[in-house]
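In: Test case, fold it:
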Amino acid sequence: MNIGLIAHDSKKKLMQNFCIAYRGILSKNTLYATGTTGRLIEEVTNLSVHKYLAGHLGGEQQLGAQIEHNDMDLVIFLRNPLNPMSHEPDGNQVVRLCDMHNIPLATNLATAELLIKSLDRGDMEWREMYK
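Out: Purely as a prediction, here's the structure:
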């Protein structure tokens, strides 16, 4: 499965810790991330991550294009809804595209853990029918 990973600056450490905790599950899948998030994940997990541009430089749009082409199966977007920095992607487009294309999306740690455990149990196999 293809998993997209995005994190606002204030959530990047949380994303790293999430990927460390679920490295075993994530290693069985193909990971895509915006530039800085992908680099930080690789540094702490030794996972292979296909890195897009930084989110504010077009990485969010690159991930969005993959969603539009039904090439993404799950997106984890750890965002700061209260005060994202002006240079960070606002995420509205990614959220909208996931809704339009029926892509499971987590925007917080609790939902990310539920989705990743669901993936590990095989509950996401229905995505194969969409391809």
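In: Go through the longest helix along the chain and flag the buried ones.
Out: Taking residue count as the measure and DSSP state H as the definition, the longest helix of the chain comes out as helix 109-121. Residues of helix 109-121 classed as buried under the neighbour-count rule (16 or more other Cβ atoms under 10 Å) are 112, 115-116, 119. In short, each C-beta sits where N, CA and C put it, glycine included.
In: Same question for stretch 9-23.
Out: By neighbour count, and taking 16+ other Cβ under 10 Å as the criterion, the buried residues in stretch 9-23 are 11-12, 15-16, 18-19, 22.
In: likewise stretch 30-44?
Out: Residues of stretch 30-44 classed as buried: 31-38, 40-42 (neighbour count, 16+ other Cβ under 10 Å).
In: What about these, which are in helices?
Out: Secondary structure from DSSP H places 35-38, 40-42 of the buried residues of stretch 30-44 in helices.
In: what's the closest of those residues to residue 2?
Out: Lowest distance from residue 2 to these (Cβ to Cβ) belongs to residue 38, with 13.6 Å.
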